[in-house]
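>>> Compute the structure for the input listed below.
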Amino acid sequence: MKSFSKIFGCVFLLSLLLASCGGDKTSVIPEMKDLTANYFGSYQKVSEGLQKYGASNLEKKDMDIYDLTDPKITATEKKGNVTNYTLEAKAGITIRTYVLSWENGKIIEIQDKGIK
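I've put the predicted structure just below:
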């Protein structure tokens, strides 16, 4: 019985450790969900979405010059009040990757990670 308790305890601690590592891809803020659901398909729609959700001083990193389609959130990372979403989207025959940093419902930074 003691062996079972030790094994269960170790498994429980390991599961907590693994759960705390990396991002929780299922926890996406409503604004990011709206952006990916309604503001992709053409560069005009992307530009409109960045205008709606971007902070006033946001550098768009040319994200708004591509006809981005099929957006997928591939990673989530929370650092204090900032949540970073790694986003992949098709641009013609390529897949472009960005990291969008959100704070208080606004995109405060875009990192262009290039073509996959």
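
>>> quick one, longest strand in the chain?
Longest strand in the chain by number of residues (criterion: DSSP state E): strand 68-79.

>>> same for that one, what does it pack against?
For strand 68-79, the elements it packs on are helix 30-38, strand 82-91, judged by 3 or more CB pairs under 8 Å, 6 or more residues apart in numbering; DSSP states H and E. For glycine as for every other residue, the C-beta is placed from the backbone atoms N, C-alpha and C.

>>> out of these, nearest to Asp67?
Nearest of the helices and strands packed on strand 68-79 to Asp67, taken as CB to CB: strand 82-91 at 6.6 Å.

>>> Quick check: neighbours of the next helix or strand after the closest one in the sheet, parallel or antiparallel?
With elements assigned by DSSP states H and E, the helix or strand that comes after strand 82-91 is strand 94-103. Sheet pairing of strand 94-103 (DSSP bridges) gives strand 82-91 (antiparallel), strand 106-115 (antiparallel).

>>> and the residue most central in space within the chain, how far is that from Lys79?
Nearest to the mean C-alpha position of the chain, by CA atoms, centre = their mean, lies Tyr85 at 1.7 Å. Separation of Tyr85 from Lys79 (CB to CB, to the nearest Å) stands at 12 Å.
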